[in-house]
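A.B. asks: Fold the following for me, if possible:
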Amino acid sequence: MPTPPQPERAATIYDVARVAGVSPSTVSRTFARPGQVRFATAERIRAAAEEVGYHSEVIHRPIAPSAIRRGTIALVIADISNPVFFELIRGAEEEAAQNGYLLLLAHTRESGVIEREALDRSADMVDGVILSSTRMSDSAVRTMARQKPTVIINRVVTGVPSIYVDHVGAAHQVMTHLQALGHTRVLYVAGPAASWANGMRWQAIKDYAAVNGMSVTSIQAPAPTMDGGAALAEQVRRLAPGAIVAFNDLIALGLMKSLRGHGLRTPGDYSIVGFDNSSGADLVEPGLTSIASPQYTLGATAVRTLLALSAHGAARPTQDHSVKLPSRLVVRGSTGTA
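C.D. replies: Predicted structure coming up:
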């Protein structure tokens, strides 16, 4: 009696590790904590995962043709008070409106717990979910994706479509600028530990410094706000770096103001760079050098991607659905020669 054909075995992290030439634990960290893995290694692991067909937890999202269309999309924002999100929200809202959808906004106050609760309460009211700078774990994101069509902004989770900015390229632009000004000692003021962007930026800064003979260190901001930046002034004074790179503009602006109160000049005593190029960056004196990213496009592209998934009943979204958008450095008066 012929042996029945055996079902094809699903790829595992051990298969990825073998092809990439790394340990299984490194593969696991790449997908769970990208900031802890060198960029080149992470890219090699993602390529290996694609080669062997590894998609972590495979997400099946059957969408019945007769499913009720609610005409509403949920957009989850980590901090509604941060002006960087204004254009992202506008881009998502206008794209949704053009397609006959209403945007439901959820503010989660930088809390993964609040985020999860908001999604649980709104799940029955929406056709899909967009997670912007989510603070939930990868497993929680996958759980959400099983329940509703889901797209992530500024985060990469295997198997869930994502729209994100080139944080590595952005960090290299910043470091190249500071190096050209003669800076060799750089302090990175980190954002939330659960932020994927934070981990990617810090790892890229470390990688650049290691190759170019620069010294870098990091401290944690108590909150990604102006008050959070201002609270670090005394600690920054003791460290006395030549240049400071802040997780976002709010931290940078708060730190600039507080250091000025201590008699330190920008850029005479130090240079400082932010991320986001938010509305306040060019309203201060000196203007804040910052990384600009296409926030409107991020929001609009996320909505288009989500609606395409819903329309076609995508059963297993992969990294092929991911879109990486460019960023650019806007140089103003807060950076100068070492």
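A.B. asks: which residues of the stretch 51-200 of the chain score low on pLDDT?
C.D. replies: 55-68 (pLDDT under 70).
A.B. asks: Now do the contacts for Ile45.
C.D. replies: Neighbouring residues of Ile45 by CB atoms under 8 Å, 6 or more residues apart in numbering: 16, 20, 22, 26-27, 30, 37. Bear in mind the C-beta positions are built from the backbone N, C-alpha and C, glycine included.
A.B. asks: Pick the one among the residues you listed closest to Ser327.
C.D. replies: Val37 (21.1 Å; CB to CB).
A.B. asks: And the pLDDT at the closest one?
C.D. replies: What the model reports for Val37 is a pLDDT of 66.
A.B. asks: What segments of the protein are strands?
C.D. replies: 72-77, 102-107, 128-132, 150-153, 162-165, 185-190, 215-220, 243-246, 271-276, 289-292, 323-325, 328-330 (DSSP state E).
A.B. asks: Any chance of TSV for these, columns distance to Gly299 and mean neighbour count?
C.D. replies: Shown next, in TSV, are those (distance: least, CB to CB, whole Å; neighbours: other CB atoms under 10 Å):
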stretch	distance to Gly299	mean neighbour count
strand 72-77	8	24
strand 102-107	9	17
strand 128-132	8	26
strand 150-153	7	27
strand 162-165	9	24
strand 185-190	25	22
strand 215-220	29	15
strand 243-246	23	28
strand 271-276	14	27
strand 289-292	15	24
strand 323-325	11	14
strand 328-330	18	16
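A.B. asks: a markdown table for these, including distance to Arg201?
C.D. replies: A markdown table is the format used below for those (distance: least, CB to CB, whole Å):
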| stretch | distance to Arg201 |
| --- | --- |
| strand 72-77 | 20 |
| strand 102-107 | 24 |
| strand 128-132 | 17 |
| strand 150-153 | 16 |
| strand 162-165 | 10 |
| strand 185-190 | 8 |
| strand 215-220 | 10 |
| strand 243-246 | 8 |
| strand 271-276 | 7 |
| strand 289-292 | 9 |
| strand 323-325 | 15 |
| strand 328-330 | 13 |
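A.B. asks: among these, which is nearest Gln173?
C.D. replies: strand 328-330 (4.3 Å).
A.B. asks: Now do the residue lying closest to Gly336 once chain neighbours are set aside against Gly169, distance only.
C.D. replies: Residue nearest to Gly336 in three dimensions, not counting chain neighbours: Pro267, with 3.3 Å by CB to CB, 6 or more residues apart in numbering. Separation of Pro267 from Gly169 (CB to CB, to the nearest Å): 24 Å.
A.B. asks: Same drill for the two, tell me which one is more crowded.
C.D. replies: Pro267 (19 against 16; other CB atoms under 10 Å).
A.B. asks: residue contacts, the more buried one?
C.D. replies: So Pro267 contacts 286, 333-337 (CB under 8 Å, 6+ apart).
A.B. asks: What distance do you get for it to Phe247?
C.D. replies: 19 Å.
A.B. asks: now swap in Leu119 and tell me
C.D. replies: Counting by CB to CB, the gap from Leu119 to Phe247 is 25 Å.
A.B. asks: cool, Ser279 as well?
C.D. replies: 17 Å.
A.B. asks: again with Asp207
C.D. replies: Taking CB to CB, one finds Asp207 at 17 Å from Phe247.
A.B. asks: Tell me which of those two has more neighbours.
C.D. replies: Phe247 (26 against 19).
A.B. asks: So that one is in contact with Val273, correct?
C.D. replies: No: counting by CB atoms under 8 Å, no contact exists between Phe247 and Val273, whose distance comes to 10.7 Å.
A.B. asks: Please write out the alpha-carbon positions of stretch 84-104 in CSV.
C.D. replies: What follows is stretch 84-104, C-alpha atoms only, in CSV (Å, rounded to 0.1, in the frame of the first residue of the first chain):
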residue,chain,number,x,y,z
VAL,A,84,4.4,64.8,14.5
PHE,A,85,1.2,62.8,14.4
PHE,A,86,-0.9,65.7,13.1
GLU,A,87,0.0,65.2,9.4
LEU,A,88,-0.2,61.4,9.7
ILE,A,89,-3.7,61.6,11.0
ARG,A,90,-4.7,64.1,8.3
GLY,A,91,-3.2,61.8,5.6
ALA,A,92,-5.1,58.8,7.0
GLU,A,93,-8.4,60.7,7.4
GLU,A,94,-8.4,62.2,3.9
GLU,A,95,-7.6,58.9,2.3
ALA,A,96,-10.3,57.1,4.3
ALA,A,97,-12.9,59.8,3.5
GLN,A,98,-12.1,59.5,-0.3
ASN,A,99,-12.9,55.8,0.0
GLY,A,100,-16.1,56.3,2.0
TYR,A,101,-14.7,55.4,5.4
LEU,A,102,-14.8,57.2,8.7
LEU,A,103,-11.6,57.3,10.9
LEU,A,104,-11.9,56.3,14.5
